[in-house]
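Engineer: Model the structure of this input:
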Amino acid sequence: TVMSIPVDILTDQQVNNVEDALRNVSGVSKFKQGNGGEEKFSIRGFDASQSLYKDGARINNPYNATNIATTETSNIERYDVLKGPSAILYGSGEPGGIINYITKKPLFDRTYRSAEAIFGSYDYYRGELDLTAPLGSGFAYRLVSSIEDSGSQRDHTYRDRWLLAPSIGWQPGDSTNIVLQYEYITDAYTQDRGQ
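Structural biologist: Okay, the predicted model is just below:
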């Protein structure tokens, strides 16, 4: 079983964390959040910490899967969840399935600009910027950036993070795209075990 959560749903639901996005998929649930900075999901009851991918490449450490950093969602185009034993196509992993984050790529056929600001309780502030356009001669660029500053219902608890993700693409033919991407994330937060 394959389930994709496209950017239209993510935009409509104002998703700004992976947990909210994966609520759209049956059989997938978050089962651990520790220290304010790690995510662990289960698929069909199996631990999926060995089964997280970004653009088809594993993003977690197979020897220390207990510390998987919280994913920044502003550079995610869609989430693909492959459930069941067919997930073995991606190599070793749990039998429950895999979660594949698909990042945003440059658009060669149109210009797209988006700026968003979100404000919430406990000093929550978030801004996102997404720019892409063709450059001519088969080239295109994309720049995704976000910043988040938030507090908590508990005193002296905070999170400050920002993302910068530029990319450039070249389309030498109709069936070939070459994309160079860079993603820089800084994330400072207070360990919050809920006590």
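Engineer: what's the closest non-adjacent residue to residue 5?
Structural biologist: Using Cβ to Cβ, 6 or more residues apart in numbering and skipping the chain neighbours, the partner closest in space to residue 5 is residue 79 (4.4 Å). C-beta coordinates here come from the backbone N, C-alpha and C atoms, glycine included.
Engineer: distance of the one you found from residue 140?
Structural biologist: 23 Å (Cβ to Cβ, to the nearest Å).
Engineer: same check, this time on residue 168
Structural biologist: According to Cβ to Cβ, residue 168 stands 7 Å off from residue 140.
Engineer: any common contacting residues for those two?
Structural biologist: residue 106 (Cβ atoms under 8 Å, 6 or more residues apart in numbering).
Engineer: higher neighbour count, those two?
Structural biologist: Neighbour tally, residue 168 and residue 140, criterion other Cβ atoms under 10 Å: the higher count belongs to residue 140, 23 against 16.
Engineer: could I have stretch 50-58 exported to PDB, CA atoms only?
Structural biologist: Output of stretch 50-58 as PDB, limited to C-alpha atoms (Å, rounded to 0.1, in the frame of the first residue of the first chain):
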ATOM      1  CA  GLN A  50      15.100   2.600  10.700                       C
ATOM      2  CA  SER A  51      12.800   3.400   7.800                       C
ATOM      3  CA  LEU A  52      13.000   7.200   7.300                       C
ATOM      4  CA  TYR A  53      14.100   8.400   3.900                       C
ATOM      5  CA  LYS A  54      14.600  11.800   2.100                       C
ATOM      6  CA  ASP A  55      14.300  11.700  -1.700                       C
ATOM      7  CA  GLY A  56      14.900   7.900  -1.500                       C
ATOM      8  CA  ALA A  57      18.000   8.000   0.600                       C
ATOM      9  CA  ARG A  58      18.000   6.900   4.300                       C
END
